[in-house]
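Engineer: Provide a 3D model corresponding to the input given below.
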Amino acid sequence: MVRFNLDGLEVFFPYPRIYLEQHQYMRSLKQALDAGGHCLLEMPTGTGKTVSLLSLITSYQYANPSAGKLVYCTRTVPEMNSVMEELGTVLAYRSQELLKDAENSRVPGDIENGSVRANPNGSSVSPNRKRPRRVYSAKKDKPHMGPIVDGRGAGGSGILALCLSSRRNMCIHERVMTESDREAVDSACRDMTATWVLEAAQKNPGSIETCSYFDNFQAAGESTSMPSGVYDLEELQKWGKQRNWCPYFLTRQAINHANILVYNYQYMLDPKVAKMVSKELESETIVVFDEAHNIDSVCIEALSVTINDRGLEQATRSLGRLSSEVSRLKASDSQRLQQEYQNLVNGLIDQGLLDAPANDAALGSNVLNPDVVNEAVPGNIRRAEHFIGFMKKVVEHLKARLRSVTGPNGGVRSETPLAFLHRMTNGTSLEAKPLRFAYSRLSSLLRTLQVSNLDDFNALTDIADFATLLATYSEGIAKFAIVMEPNGSAIPGAIDPVIQLACLDSSLAIAPLFKRFGSVIITSGTLSPIDLYPKLLQFEPCVSESLSMSTFRPCIRPLVITRGSDQLSVSTRYEDRGDMGVIRNYGAMLVELCGVIPDGVVAFFTSYSYMESLISEWDALGILRELTKSKLVFIETKDVVETTLALDNFRRACDCGRGAVFLSVARGKVSEGINFDRHYGRAVVMFGVPFQYTLSHVLRARLEYLQTHYQIREQDYLNFDALRQASQCVGRVIRSKTDYGLMIFADSRYNRYDKRSKLPKWILQFMNDSHLNLSTDMAISHVKQFLRLMGQPIDQEALQSVLLSLEDVERLNPAPVRRTEAAGEGGAMIVEPTN
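Structural biologist: Numbering: from 1, shown residues only. Now for the predicted structure:
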């Protein structure tokens, strides 16, 4: 275990040795935290980025009690659990070290009387640091997860670390857990926890089923606090079952008391979710976006809405259902509608539309907080029946616009929000101002009508969201585009006209975070070229760095194959991809590679359609039959269950020695979240350059926006986006220092300097001139030579050479230079360094 001083900060690192890049990474991170600014950091995959982040930031929080929470944003639930496990390791080690300090400095009455403790090096602890009286001893076999009630709690300082997810991942109610999908779980939960359900159950006990866990949680009231500890999803469920409290609502309540939060990107970037979860975080909060190479795309998706014919028809049915409910309520309980009307007269904030109870079926608008209208709802949509009529006109107008693009004089049309809004107001006689309140007014109506199953109204909420965004962001620079296409379906031959409200500016969603929080850390293994992110996200990082990989052997072998064995150039560019020579060479290349590479091979294609066409042609040419002689073949599909089953069988084939090849797609689920470490991925083959579909009208609109407003050239952005996706794919192959793998770029365009120079620094350091412009047979020779070299026993002395001991770390952190001051001639101050 390493406990060292880093530029004046005592860092608790829970492993015996540390990599050079980890030390560099933590130093850059500390510089950003000290400066109170944002940072961009690229660190090689498989070199301990997560533990470096957690060790540095938790140590910084411990040394600086005024530092705010750590909010760690991940993409998937497995990543979330992995972070919590690593955090448990870090805090258990720190607790152990603080216990040793307490024992070493213990004299009669010292701890109880609050005397100053001493570190092993003899220096006293800073007086502003909390002094632990009694610290628990961490388990040696595994990180201590769950509640820590001994001494001063987790980490020796009473830390509370929580992860937050959806009801589906946190619910412990037996009946709700049997539901198949997220929407069904949410609906079943609301049916038992909504305010009006609880009120009805109190009036007539036993008449309505409620959730006993939620009832107990509410009954406990102020006592529903959580003890210090590290709670992943499993531990939260265990704790909830022990106390008979709902873990989902318990965690939502405990957010304000937690020191560390781990949750999905959407909880921070999507305004609909962020308003419910992240609105009360203090400005001192440290926000981390891990694996953030696609963060600009996540920001754009959070503020974009797509509407099709099917959704409009469903919205029409939903409005009819609401109209019937309003008529029924008028006859049975008109006072409730009158009360809602009065609330709407008072304004959105006063009537609580923006702060609905956590257990009620509340909708959150996509409009960002600074743009929320803080005034009374316009009079012409205050009454429920008037609002329903208003929304019917909006739906009918959208239907008419869709018919116009599918008719004989139709075609793709693109408009600015202002032009679209102008046509809507002229065509329907509606005013623009009420449109800005459409989403909030719908939320109020659904609550008044006591609707718990919001999923039945998804299409209507999308249209209300569309109207609100359209009216809110129609003025000024057009940061959105309205694109109407006669066929937005990916299925050949299917006709599915769509209207897309596409956000063009990725900085729109993340800008409030940069303004609100002192330090936002964006990090990943594939951020290159790193200089484009400040332009895309419109912020100024105080630290921006891309780190190399320290290595004791050339564990990565990137190869650029530009030709087949017949010397015919291979590429997936549009004019070449259908050439039979290219198809045959790609197939022969994969067969030859699988013939010499043991265990697992992963191949990535540029799109599902291209992968399917290649597999079809390979089957006709007999290439698949040849491929199965050396390895079993598994294929990624758009179905998550099928892909998960294929991955499981792929690993089983690798474990039993049969070997397997997994055919996957860049930008797919496998390329983003699945690691192929050790024998599961001895090689990754990237067939082609994964450019976006450049004929997409939404993409064209965004490229034009970037060129006009941020001076980012079209080709620069397309190259940047394609190469970061390629880097993400090939980066799946290496996950540790002792691991090794081949990265094969099978396209002649990778041989161009302007393409390959955009690969991460840690890949380029292994790419020699001899690895470029290869034919298939030359590449096979390189593969054999590399595998022969990697097949030798690991030189343990060489391995230790890239691991820094405590003494090595101390040498990297020289003692600060002391300075003496003296008065010079004329009263000038002379400052001289002394040793």
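Engineer: Where does pLDDT dip in the stretch 451-600 of the chain?
Structural biologist: Residue ranges of the stretch 451-600 of the chain with pLDDT under 70: 489-494.
Engineer: let's see it at 90
Structural biologist: By pLDDT under 90, the low-scoring segments of the stretch 451-600 of the chain are 451-458, 472-478, 485-497, 525-529, 531, 549-553, 574-578.
Engineer: Now do the helices in it.
Structural biologist: 458-472, 507-516, 533-537, 580-596 (DSSP state H, counting those that start in this stretch).
Engineer: now, of those helices, which is deepest in the fold?
Structural biologist: helix 458-472 (a mean of 23; mean count of other Cβ atoms under 10 Å). No exception for glycine: its C-beta is placed from N, CA and C like everyone else's.
Engineer: what's in contact with it?
Structural biologist: 303, 305-307, 310-312, 314-315, 318-319, 363, 365-367, 371, 373, 391, 394-395, 398, 417, 420-421, 424, 432-433, 435-442, 454, 480, 482, 499, 501 (Cβ atoms under 8 Å, 6 or more residues apart in numbering).
Engineer: could you give the mean pLDDT of the longest helix seen in the chain?
Structural biologist: If you go by DSSP state H, the chain has its longest helix at helix 77-104. Averaged over helix 77-104, pLDDT sits at 89.
Engineer: How about it, which residues are buried there?
Structural biologist: The neighbour-count check on helix 77-104 (16 or more other Cβ atoms under 10 Å) flags 77, 79-81, 83-84, 86-99, 101-102 as buried.
Engineer: what's the spacing between that helix and its chain's center?
Structural biologist: Relative to the centre of its chain, helix 77-104 is centred 24 Å away, using Cα atoms, centre = their mean, to the nearest Å.
Engineer: Tell me the helices and strands packed up against it.
Structural biologist: Counting contacts by 3 or more Cβ pairs under 8 Å, 6 or more residues apart in numbering; DSSP states H and E, helix 77-104 packs against strand 9-13, helix 49-63, strand 70-74, strand 160-163, strand 229-231, helix 233-243, strand 260-264.
Engineer: Sheet partners, orientation included, of the shortest one?
Structural biologist: Yep, that's strand 229-231 we're talking about. Take DSSP bridges as the rule and strand 229-231 pairs in its sheet with strand 146-147 (antiparallel), strand 160-163 (parallel).
Engineer: Output stretch 528-539 as PDB, restricted to C-alpha atoms.
Structural biologist: C-alpha atoms of stretch 528-539 as PDB (Å, rounded to 0.1, in the frame of the first residue of the first chain):
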ATOM      1  CA  SER A 528      -7.800  12.400 -28.800                       C
ATOM      2  CA  PRO A 529      -7.700  14.900 -30.400                       C
ATOM      3  CA  ILE A 530      -8.200  16.500 -27.000                       C
ATOM      4  CA  ASP A 531      -8.100  20.100 -28.200                       C
ATOM      5  CA  LEU A 532     -11.500  19.800 -29.900                       C
ATOM      6  CA  TYR A 533     -13.500  19.200 -26.700                       C
ATOM      7  CA  PRO A 534     -13.200  22.800 -25.400                       C
ATOM      8  CA  LYS A 535     -14.600  24.100 -28.600                       C
ATOM      9  CA  LEU A 536     -17.500  21.600 -28.700                       C
ATOM     10  CA  LEU A 537     -18.400  22.100 -25.100                       C
ATOM     11  CA  GLN A 538     -17.500  25.800 -24.900                       C
ATOM     12  CA  PHE A 539     -15.400  25.800 -21.800                       C
END
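Engineer: So what touches it?
Structural biologist: 38, 40, 42, 295-296, 299, 506-507, 510-511, 514, 520, 522, 527, 540-541, 544-546, 706, 710-712, 716-717, 720, 723-724, 727, 758-761.
Engineer: repeat that with 6 Å
Structural biologist: Residues outside stretch 528-539 that contact it (Cβ atoms under 6 Å, 6 or more residues apart in numbering) are 38, 40, 42, 296, 506-507, 510, 514, 544, 546, 710, 712, 720, 758, 760.
Engineer: and the helix or strand encompassing Leu703, what does it pack onto?
Structural biologist: Assigned by DSSP states H and E, Leu703 belongs to helix 697-710. Counting contacts by 3 or more Cβ pairs under 6 Å, 6 or more residues apart in numbering; DSSP states H and E, helix 697-710 packs against strand 480-485.
Engineer: hmm, back to that, and the helices and strands packed on helix 77-104 as JSON lines, adding distance to Gln792, mean neighbour count and mean pLDDT?
Structural biologist: Shown next, in JSON lines, are the helices and strands packed on helix 77-104 (distance: least, Cβ to Cβ, whole Å; neighbours: other Cβ atoms under 10 Å; pLDDT from 0 to 100):
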{"stretch": "strand 9-13", "distance to Gln792": "30", "mean neighbour count": "23", "mean pLDDT": "92"}
{"stretch": "helix 49-63", "distance to Gln792": "28", "mean neighbour count": "23", "mean pLDDT": "94"}
{"stretch": "strand 70-74", "distance to Gln792": "37", "mean neighbour count": "26", "mean pLDDT": "94"}
{"stretch": "strand 160-163", "distance to Gln792": "42", "mean neighbour count": "26", "mean pLDDT": "92"}
{"stretch": "strand 229-231", "distance to Gln792": "40", "mean neighbour count": "27", "mean pLDDT": "91"}
{"stretch": "helix 233-243", "distance to Gln792": "41", "mean neighbour count": "18", "mean pLDDT": "91"}
{"stretch": "strand 260-264", "distance to Gln792": "40", "mean neighbour count": "24", "mean pLDDT": "93"}
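Engineer: between those, which one is nearest to Arg328?
Structural biologist: Smallest distance to Arg328 across the helices and strands packed on helix 77-104 (Cβ to Cβ): 37.3 Å, for helix 233-243.
Engineer: State the next helix or strand along the chain beyond the helix holding Leu703.
Structural biologist: Downstream of helix 697-710, the first helix or strand assigned by DSSP H and E is helix 714-730.
Engineer: angle of the helix or strand just after that following helix against helix 714-730?
Structural biologist: Sequence-wise, the next helix or strand downstream of helix 714-730 (DSSP H and E) is strand 741-746. Angle of strand 741-746 versus helix 714-730, following axes from the mean of the first three to the mean of the last three Cα atoms, to 10 degrees, is 140 degrees.
Engineer: Can you tell me the strand partners of strand 741-746 and which way each runs?
Structural biologist: By DSSP bridges, strand 741-746 pairs with strand 556-563 (parallel), strand 683-687 (parallel).
Engineer: closest to Ser165 out of these?
Structural biologist: When these are compared (using Cβ to Cβ), the closest one is strand 683-687, at 30.1 Å.
Engineer: Local confidence estimate at Pro127?
Structural biologist: Here, the pLDDT recorded for Pro127 equals 41.
Engineer: make that Val197, sorry
Structural biologist: 85.
Engineer: That one: what's it in contact with?
Structural biologist: By Cβ under 6 Å, 6+ apart, the neighbours of Val197 are Ile208.
Engineer: Can you check the pLDDT for Pro147?
Structural biologist: In this model, Pro147 carries a pLDDT of 79.
Engineer: just to revisit the earlier point, name only those of the contacts of stretch 528-539 that count as buried.
Structural biologist: Applying 16+ other Cβ under 10 Å to the contacts of stretch 528-539 flags 38, 40, 42, 296, 506-507, 510, 514, 544, 546, 712, 720, 758, 760 as buried.
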